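A.B. asks: structural data only, the sequence is not supplied:
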């Protein structure tokens, strides 16, 4: 299940992409547009900045903007930064797999096989959604 943190991160990234080349947006502006608590959003924006998805500018005209073109940022990029692995169990973790405590036999475990498939399908689906295309669809639908 997508965490609230990832959901808010995706909303913030979409808002920043829609902002385009206009001046950077402050946390309060993003929070208002995303209907998110500014305090909770602040921590999320810092994680996105540290990961290289966002950049921040200091000063009276400071704020956040995307670090690279929106077409080069996938939903998978954002979710992995905020939630970590897309795996549903430790044995299906793509970065640091670990044997489940009560595993029958990892090489022949059908539960693991199903979870690996679910992880791969989810990752492929999230990779197929880039922020620029999502913003374009939302604009044409009148939701952004």
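C.D. replies: Yep, it's here. It should be emphasised that the depicted structure is a prediction, and the values quoted were computed from it without experimental measurement.

A.B. asks: and the residue nearest to residue 73 when sequence neighbours are not counted, how far is that from residue 114?
C.D. replies: Leaving out its chain neighbours, the residue that sits closest to residue 73 by C-beta to C-beta, 6 or more residues apart in numbering is residue 131, at 4.5 Å. (Glycine included, C-beta is placed from N, CA and C.) Using C-beta to C-beta, to the nearest Å, residue 131 is found at 30 Å from residue 114.

A.B. asks: so those two - more neighbours on which side?
C.D. replies: Each of residue 131 and residue 114 has its neighbours counted (other C-beta atoms under 10 Å); residue 131 has more, 25 against 13.

A.B. asks: what residues are up against that one?
C.D. replies: If a contact means C-beta atoms under 8 Å, 6 or more residues apart in numbering, then residue 131 has 13, 14, 17, 66, 70, 71, 73, 74, 75, 78 as its contacts.

A.B. asks: swap in residue 52?
C.D. replies: Residues counted as contacts of residue 52 (C-beta under 8 Å, 6+ apart) are 67, 68.

A.B. asks: from residue 80, how far out is it?
C.D. replies: In this view, residue 52 and residue 80 are 12 Å apart by C-beta to C-beta.
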